[in-house]
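Undergrad: Any chance you can model this:
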Amino acid sequence: MDSNAVHVVATSISGSIRDWSKVERIVPAFRAHGMTGIVLHRADSHAEARAHARDAIERGARVVISAGGSGTFNSVLEGCCDSGVPLGEIRLGFLRKGSADLIGKALGIPDQVDAAVEVFVRAIADDRTAPCDVILAQSLGGGDLPRHFVGYGGVEIFGRVPHYTENRFVKYYKGILGQLFGDLGPFTAGMSLAALEKFLMTLRRPGDCWTISVDGGRVSIGRYQALLVLNGYLGPDLPFSSDPLGSGCVHLFGIRDLGRARLFRQAMSALDKSIVEDPDRFGFEHFCARESLELSCASGDGFPVNVDGATMRCRRAVRFGIADSIRLFHAPDAPAPSPSRDASAACARHGSGGLSPLTCGSARRPEPSPARSAQT
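TA: Okay, the predicted model is just below:
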């Protein structure tokens, strides 16, 4: 195999209906820019995308471009990890053909195939890449196998979003929502349905109690409507952190359980980002881990974890940590975060030394606590 070839792993029905036709235009677009060593691998599932990426790298490929959404991208990333080749030797690209495409947007990759390919051609020639931390999610006490990912993950409402957005049948409805309401249409619908599901569940019993541990120290015990794990800045659609993707930090943003009457307003404030402007009002907290982040559920019944669009089943707890780093192609004018909307500076921030005053001692929801500065 030609080690200088560019390997493109493309899923068939990622994104909106309009996005489905992008696959046919990828190879001609590269050839129009003078690159003929293009190998296209078509995949009908994320498992196939992972296998294609692994096989290509084992046979000598070192430049791989994922053409799909975040699920495809992280499956290709898993294939890179499966190959046994050091990630530092691999260059990875995100050709946007999915619903949210947060990583692709954060890297400044255009949505149009021709424009995106032009960015990749120049980035490959100049080796214009940025480091990105690879997060490892591990289930403690049984459950699914560990998963590598970049982007975002989460539990509670965020953990249930893939149930409504990621299966073969749902892919078609995602295509329609994406066509009608844009890239975030499917995610917005999935989050709204997950919030409704949680609201109905709280009519029967209080929400689960969570223990949050950062770098080996317990920092919070309480009920949360949602817990969101991030690499760093993921573009204007998810601007909660201003850290670059390769900062060496795993960020956790929590939305405290302030009672079912406030659930939908909290969820909507997260979607429209107004939660950043008034974190105390919405019970918004930030935790930052450099070694490990552990989320433990008191129910013992197991819970789903969202690993950037895919579901991972965990039993007692889930642990997140940075396992490696990979270089990602980016545009020269990739968007920068806006400090005025940086939630990690605006909301209560906790390191590994203090315990948040939240408790699960009764079914009564605690009132939001005053923001505290980070411990250093």
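Undergrad: So for residue 129, what's the nearest residue that isn't a sequence neighbour?
TA: residue 327 (3.7 Å; CB to CB, 6 or more residues apart in numbering). Where C-beta positions appear, they are placed from N, C-alpha and C, glycine not excepted.
Undergrad: Need the mean per-residue confidence for the strand or helix carrying the one you found.
TA: Assigned by DSSP states H and E, residue 327 falls within strand 317-329. Per-residue pLDDT over strand 317-329 has a mean of 97.
Undergrad: How about stretch 137-144?
TA: Computed over stretch 137-144, the average pLDDT equals 93.
Undergrad: Now do that stretch: distance from first to last residue.
TA: 10 Å (CA to CA, to the nearest Å).
Undergrad: Can you tell me what sits against that stretch?
TA: If you take CB atoms under 8 Å, 6 or more residues apart in numbering as the criterion, stretch 137-144 is touched by 146-149, 153, 294, 296, 302, 305, 307, 312-321.
Undergrad: ranges for the helices of this structure?
TA: With DSSP state H as the criterion, the chain has helices at 17-20, 23-32, 46-58, 70-82, 102-106, 113-126, 157-165, 168-181, 185-202, 263-271, 279-282, 343-346.
Undergrad: Is residue 29 in contact with residue 110, as I believe?
TA: No - counting by CB atoms under 8 Å, residue 29 sits too far from residue 110 to count as a contact (11.6 Å).
Undergrad: ok, the two, which is more surrounded?
TA: In this view residue 29 and residue 110 are compared by other CB atoms under 10 Å, and residue 29 has more residues nearby, 21 against 16.
Undergrad: how close does the closest residue to the more buried one other than its chain neighbours sit to residue 22?
TA: For residue 29, ignoring the flanking residues on the chain, the nearest one in space by CB to CB, 6+ apart is residue 117 at 4.0 Å. Using CB to CB, to the nearest Å, residue 117 is found at 10 Å from residue 22.
Undergrad: of these two, who's got more company?
TA: Per other CB under 10 Å, whichever of residue 117 and residue 22 has more neighbours is residue 117, with 28 against 22.
Undergrad: Just confirm the more buried one contacts residue 27, I think it does.
TA: No - in this structure residue 117 lies outside contact range of residue 27 using CB under 8 Å: 9.5 Å.
Undergrad: How many residues are close by residue 299?
TA: For residue 299, using other CB under 10 Å, the count is 12.
Undergrad: Can we start the residue count at 24 from this point?
TA: Done: numbering now begins at 24, and the last item shifts to residue 322.
Undergrad: Just list whatever residues bridge to residue 153.
TA: residue 351 (DSSP bridges).
Undergrad: same question, residue 33
TA: What pairs with residue 33, by the bridge criterion (DSSP bridges), is residue 65, residue 90.
Undergrad: show me the contacts for it.
TA: By CB under 8 Å, 6+ apart, the contact set of residue 33 is 45-46, 49, 63-66, 90-91, 95, 118, 120.
Undergrad: Could you do residue 289 as well?
TA: Taking CB under 8 Å, 6+ apart, one finds 248-249, 278, 281, 298, 305-306 in contact with residue 289.
Undergrad: got it, and residue 61?
TA: By CB under 8 Å, 6+ apart, the neighbours of residue 61 are 28-29, 31, 49-50, 53-54.
Undergrad: Pull out the buried residues from the contacts of stretch 160-167.
TA: Using 16 or more other CB atoms under 10 Å as the burial test, those include 170-172, 176, 317, 319, 328, 330, 335, 337-344 as buried.
Undergrad: Among the contacts of residue 289, which one sits closest to residue 126?
TA: residue 249 (20.3 Å; CB to CB).
Undergrad: what sits against that closest one?
TA: Taking CB under 8 Å, 6+ apart, one finds 177-181, 277-278, 289-290, 293 in contact with residue 249.
Undergrad: Test of understanding: give the bridge partners of it.
TA: Under the criterion used (DSSP bridges), residue 249 bridges to residue 179, residue 278.
Undergrad: Residue 148 versus that one, what's the distance?
TA: Taking CB to CB, one finds residue 249 at 42 Å from residue 148.
Undergrad: so where's this structure uncertain?
TA: Residue ranges of the chain with pLDDT under 70: 24-26, 36-44, 121-123, 189-210, 359-399.
Undergrad: which secondary structure elements does the strand holding residue 350 contact?
TA: helix 93-105, strand 114-119, helix 136-149, strand 152-163, strand 273-279, strand 316-320 (3 or more CB pairs under 8 Å, 6 or more residues apart in numbering; DSSP states H and E).
Undergrad: of these, which approaches residue 216 most closely?
TA: Per CB to CB, nearest to residue 216 of the helices and strands packed on strand 340-352: strand 273-279, 16.9 Å.
Undergrad: Report the distance from the closest one to the chain centre.
TA: 13 Å (CA atoms, centre = their mean, to the nearest Å).
Undergrad: What of stretch 79-99?
TA: 17 Å.
Undergrad: Centre-most residue in the chain?
TA: Geometric centre of the chain, nearest residue: residue 175, 2.2 Å, by CA atoms, centre = their mean.
Undergrad: ok, it to residue 358 distance?
TA: Taking CB to CB, one finds residue 175 at 17 Å from residue 358.
Undergrad: To what extent is the closest residue in space to residue 287 that isn't next to it in sequence buried, counted in neighbours?
TA: Distances taken as CB to CB, 6+ apart put residue 218 closest to residue 287, at 6.1 Å, once the chain neighbours are dropped. Neighbourhood size, residue 218 [other CB under 10 Å]: 23.
Undergrad: what does residue 355 give?
TA: 10.
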